[in-house]
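Enquirer: Sequence first, then the predicted structure:
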Amino acid sequence: MSAPLYRLRGVEAGYGEAAGLGPLAASVLHVPELSIAHGSIVGLAGHNGSGKSTLLKLLGFLLSPSMGDVYFDGRLVDQAALRAGHLLRRRAVLLGQDTCLLKRSVAANVFYGLKVRGLGADRRAVDWALELVGLDPVLFARRAWYELSGGEAQRVALAARLVLRPKVLLLDEPTASLDEESALRIREASLAAREQWGATLVAVSHDMIWLRSLSDEIVFMRGGRLTEAPSGIHGWSAVSVSA
Amino acid sequence: MRKLSLNKSLALALLLAFACATTAFTATPSAAEDIKLGTTTSTADTGLLDYLEPMVLKDTGLTMRWIAVGTGKALEHGKNCDVDVLMVHAPGAEKKFIEEGNGVSRAEFMYNDFVLVGPVKDPAKIKGKGVADSLKAIAGAKAPFASRGDDSGTHKMEQNLWKVASLPVPDKDSWYIGVGQGMLATLRIAAERGAYTLTDRGTWIKYEAKDQGKSGLAILSEGDKALLNQYSIIQLAPKCTSIKHAAAKKLEAWFLSPVGQKAIASFKLEGKQLFFPNAGK
Amino acid sequence: MDYFSEGLTKAVALLLALDPETFSAVWATASVTALALIASLLMGLPLGFALGHFHFPGRRGVRLFVDWMLSLPTVVIGLIVYAFLTARGPLGEWGLLFSVPGMALGLTLLGLPIIISMTATAVESTDSRLTQTLLSLGADRWQLLWATLTEARFAMALAAATAFGRIVSEVGIAMMVGGNIKWQTRTITTAIALETGKGEFATGIALGIVLMIVALVVNLLVGLLRGRANGSAGGHRAGGGRT
């Protein structure tokens, strides 16, 4: 069995050290042991403030642990790796709750991630990503950021991440306040990411039905700790947790 | 990208405007020498300097650039060497200015005069009286009097006139209105409040021409020697090393010359002579 | 009132007859405003950006100082600048008193706090969500800085427009430092003050109308450029939806 994609050992994290990365919250994370396998889809459930978003930011390298080790793709994420954090973040892409659209056109929003990676303007890639989230490129590509509904904006934000074909896609409440059709679209697009390029997904949601329909496995969190899943949910060994 | 090129063209346009602005103000087109004249609002507002400017340029090659402010501020500009020469009308303050070492000489070259105006009804009955008696009558009747109250040359003249009338300068008296504004504003307030006031004749002529007698104010006392307003040209002290002393002397010479004196006399406002040359008298 | 109709007729006459004194004042106003605005923007945008974006010790104090400077009366600015530029002042040797660059210097002091304060506020209000968005899309340090700057462009344009309005209509500094010298430092506003002092109210109003026309032309030009650069003539709505 190959090494897991993520491996966390004795990790403690919280806000304060990573100033400027989101609102100050009391959330603290304690993860003695967590592994996530390549190509798995993991759902994270739990109450507000249970540490789900904090864990997601940690996995997205937007937050550094105050203690413990994080291994990513078989390598220890040390200080040197964190100094070039953008290289890690280009592989593990987060669609966070604090994410917003840039004040640009839809096409420019979807294109931004490719641009910072030094990849040229690829109209076809942008069109492909928009289609993947169910937005007609002909209708939407030229629209300005303020000409979108909440659901459309959320789907554009997802398209901006799918177009990067990231190794890891981290989704924080991607369907909150969305209609059923948009939620369905986001689920299909997420599944397509694994099918088409073997992406690994970690998704946080309060919508248990949606989360179950997407995930191979669901992990529960409480008070910053991962808890044993209620019996019958553990399917196979995509995730291994020790509480 | 289209957006980028537009931003660029905007930046270019701004840059161009900037370049134009700087070149226009660093390159002086004419060969004439500029001379900075610190003066009071009366000489500029009446149009006297506008009228004399081309003649001065023709005869001396100097282009007058005047900074017209209140007398106090004009003297301050002179003290700080911010102008090349002064043209002011406050003899007392001027003498003190020279005594304090800020100026070297003072040449009287023209005068205009002040008039005492007031409501046509003349509640204090001053019509035809000399200025000292008029002020006494006003103070005695506690008739409203509007004062410039701004430390201008006119204000200083008024304060001096109270002394001439051997009265204390009014201050907190209820009939004494300290306006703190220009002459026209003071005249308007005097008209509205039915008050007497002291004004230079130039402003009065313009005010009357505009209002065509509707304001209810009229000249009630004029011609008194104490009402004459002497203008002089002051050469600044040698401590002002950066200023144009030679040009300042040249300008003074023109104003004192027969040509300059004749030019001053020929200036008319609403058809009336306003300034009377008196160099060397 | 008579003054208005007379003023309006006179304004049209002055403009149509290409009255040299009026155009000299328009030119002085335009060059002084352009110089002061460019200087304010060159210094104010980076300073405001730094103040809003970076967290450094003493930042609150600096912020307080800048906001305090907003309420500095222009007459006081004029006096301070005069004290520096007078022949016997510390900068007397530069010979800037009663000159266009000297006026521009004074007016820069008026515009600078406006630009700094408004830019800082704009950057602060977008920062935390935007930073996370840009980081999650893979921006490195410089790309993050640049994108934050470009995202604040509408707020900066607003700051520039506000500063323009204040500078172009200013009279205290222009009078004190410029000296209202005919053909040189006589701007539209100081000419208005002069005409009012002379009792030429209609001419004063006429010049006021000229100033408003100049300002309108500038605003229309900026609006045109913004409209085109934006791909749409509409304004911008804040946010862009939670995504």
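Expert: Looks like it arrived, so ask away.
Enquirer: residue ranges with poor pLDDT in chain C?
Expert: Across chain C, the stretches falling below the confidence threshold (pLDDT under 70) are C:1, C:127, C:226-243.
Enquirer: max-length helix in it?
Expert: In chain C, with assignment by DSSP state H, the single longest helix is helix C:100-136.
Enquirer: How far off centre is that one?
Expert: Chain-centre distance of helix C:100-136: 12 Å, with Cα atoms, centre = their mean, to the nearest Å.
Enquirer: so what does the helix or strand where residue A:196 lies touch, helix or strand wise?
Expert: Per DSSP states H and E, residue A:196 falls inside helix A:180-197. If you count contacts as 3 or more Cβ pairs under 8 Å, 6 or more residues apart in numbering or on different chains; DSSP states H and E, helix A:180-197 packs onto strand A:41-46, helix A:150-162, strand A:168-172, strand A:200-204, helix A:208-214. Quick note: C-beta positions are derived from backbone N, CA and C, even for glycine.
Enquirer: rerun that using 10 Å as the cut-off
Expert: strand A:41-46, helix A:123-132, helix A:150-162, strand A:168-172, strand A:200-204, helix A:208-214 (3 or more Cβ pairs under 10 Å, 6 or more residues apart in numbering or on different chains; DSSP states H and E).
Enquirer: hang on, the earlier thing: is any part of the longest helix of chain C close to chain B?
Expert: Yes. Helix C:100-136 is in contact with chain B by Cβ under 10 Å from any Cβ of the partner chain, via C:100-101, C:104.
Enquirer: All the helices of chain C, residue numbers only.
Expert: Taking DSSP H, the helices of chain C run over residues C:2-16, C:20-53, C:59-69, C:74-85, C:100-136, C:141-151, C:153-168, C:172-178, C:188-198, C:201-230.
Enquirer: any idea which of the ones you listed is most buried?
Expert: Most buried of these, by mean neighbour count (mean count of other Cβ atoms under 10 Å in any protein chain shown): helix C:172-178, with a mean of 26.
Enquirer: Send over that helix as CSV, restricted to the C-alpha atoms.
Expert: Listed in CSV are the C-alpha atoms of helix C:172-178, where the atom choice follows Å, rounded to 0.1, in the frame of the first residue of the first chain:
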residue,chain,number,x,y,z
GLY,C,172,-7.2,79.2,0.9
ILE,C,173,-3.9,77.5,0.0
ALA,C,174,-4.0,78.7,-3.6
MET,C,175,-4.4,82.3,-2.3
MET,C,176,-1.8,82.1,0.4
VAL,C,177,0.9,80.2,-1.4
GLY,C,178,0.1,81.2,-4.9
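Enquirer: Quick check, central residue of chain A?
Expert: For chain A, the residue sitting closest to the mean C-alpha position, by Cα atoms, centre = their mean, is residue A:170 at 0.9 Å.
Enquirer: what about the nearest residue to that one once chain neighbours are set aside, which SS state?
Expert: Nearest non-adjacent residue to residue A:170, counting by Cβ to Cβ, 6 or more residues apart in numbering or on different chains: residue A:94, 4.3 Å away. Look at residue A:94: counting by DSSP: H, G, I helix; E, B strand; the rest coil, its state is strand.
Enquirer: Test my guess that residue A:94 contacts residue C:136.
Expert: Yes. Shown here, residue A:94 and residue C:136 form a contact pair, counting by Cβ atoms under 10 Å, at 4.2 Å.
Enquirer: Which neighbours do these two have in common?
Expert: By Cβ atoms under 10 Å, 6 or more residues apart in numbering or on different chains, residue A:94 and residue C:136 have these common neighbours: A:57, A:60-62, A:161, A:170.
Enquirer: How many residues are close by the residue in the stretch 51-200 of chain B that chain A sits nearest to?
Expert: Relative to chain A, the nearest point of the stretch 51-200 of chain B is residue B:67 (48.0 Å; Cβ to the nearest Cβ). For residue B:67, the neighbour count with other Cβ atoms under 10 Å in any protein chain shown is 22.
Enquirer: Name the nearest residue to it, sequence neighbours excluded.
Expert: Nearest non-adjacent residue to residue B:67, counting by Cβ to Cβ, 6+ apart: residue C:179, 3.8 Å away.
Enquirer: same thing with residue B:247?
Expert: Spatial nearest neighbour of residue B:247, excluding adjacent residues (Cβ to Cβ, 6+ apart): residue B:35 at 4.7 Å.
Enquirer: how close does that neighbour sit to residue B:67?
Expert: To residue B:67, residue B:35 is 11 Å away according to Cβ to Cβ, to the nearest Å.
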